[in-house]
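J.: Test case, fold it:
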Amino acid sequence: MELDDLKRAWKQTEIKNTNTDIMKLIQHKSYGPIAALKKEFRKQIIVMMIIPLLLVMTNADDIAQVLTSVMFWSYVAFCMGVVAFAYYNYRIVKKMEAMDGMVRSNLEQQVNNLETRLKWKVIGVRIALLYFILLTEIVPYFQHYRMLDKWHALSPAIRFGSYAALLLLQYFLSSMIIRRKFGTHLNYLKDLMREIQYE
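T.: You can find the predicted model right below:
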């Protein structure tokens with residue numbers, strides 16, 4: 001009887017040690033899937049906050065027109081939407097750092113949440129692209145910009161052919177980029193979580 005108790009205690013200790021090692025790898029501050037995901041979300045936040053500033057700087061000679069441009073404020077709204085989305089995802093990943101092997105189901109739930117949100121992101125970017133295409137076609141009737149006037153001087157066949165090519169390119173590229181920047185880390189995280197045993 002005592003021997004059976006000893007074996008059971010030894011197995012539980014072994015599981016705890018394995019879980020601890022895996023969790024250390026998952027939650028390492030400098031490398032590992034969580035660190036990589038945090039880095040990607042941080043990069044997104046920084047880049048999307050810089051884009052509106054770059055747009056203002058490149059049009060510094062005519063700030064008044066920029067600040068009254070529906071196109072500019074649409075870019076700002078889009079960038080701020082991406083920042084908010086990335087920040088929320090970043091917070092989800094940060095929560096994962098505080099979890100331990102006892103809450104594998106919670107980790108799995110957070111990973112599923114991130115995967116779902118990244119699918120929403122792909123859909124959101126496609127909707128935003130359609131919106132900007134529509135805006136490119138409508139804005140010149142209300143506000144005049146040199147670049148848009150030149151673009152509208154081209155034949156509709158060239159313009160709409162370019163839009164179709166852009167949508168097609170975005171369809172394939174967005175999924176590929178999401179998979180490379182986030183999907184590989186999420187898959188690695190799921191592989192590591194499968195090795196965590198319930199106690």
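J.: wait, Val93 sits on Ile34?
T.: Yes - contact status for Val93 versus Ile34: in contact at 5.8 Å, counting by C-beta atoms under 8 Å. Glycine gets a C-beta too; all of them are placed from N, C-alpha and C.
J.: quick one: which helix or strand includes Ile92?
T.: Mapping Ile92 onto the secondary structure by DSSP states H and E places it in helix 70-97.
J.: can you check Phe132 too?
T.: helix 104-138.
J.: hey, which helix or strand in the protein has the poorest pLDDT?
T.: Among the secondary structure pieces of the chain, namely its helices and strands, helix 2-27 has the lowest mean (mean pLDDT, DSSP states H and E), a mean of 49.
J.: Which residue, other than its chain neighbours, is closest to Glu115?
T.: Closest residue to Glu115 apart from its sequence neighbours, by C-beta to C-beta, 6 or more residues apart in numbering: Leu186 at 6.0 Å.
J.: Name the residues of the helix or strand containing that neighbour that are buried.
T.: Element membership for Leu186, per DSSP H and E: helix 184-195. Under the neighbour-count criterion of 16 or more other C-beta atoms under 10 Å, helix 184-195 has His185, Leu186, Tyr188, Leu189, Leu192, Met193 buried.
J.: how close does the fifth one get to Lys43?
T.: Between Leu192 and Lys43 the computed distance is 23 Å (C-beta to C-beta, to the nearest Å).
J.: for the third one, same thing?
T.: From Tyr188 over to Lys43 the distance is 18 Å, taken as C-beta to C-beta.
J.: pLDDT score assigned to Leu134?
T.: The predicted structure scores Leu134 at 91 on the pLDDT scale.
J.: Let me fix that, I meant to ask about Ile158.
T.: On the pLDDT scale, Ile158 is placed at 90.
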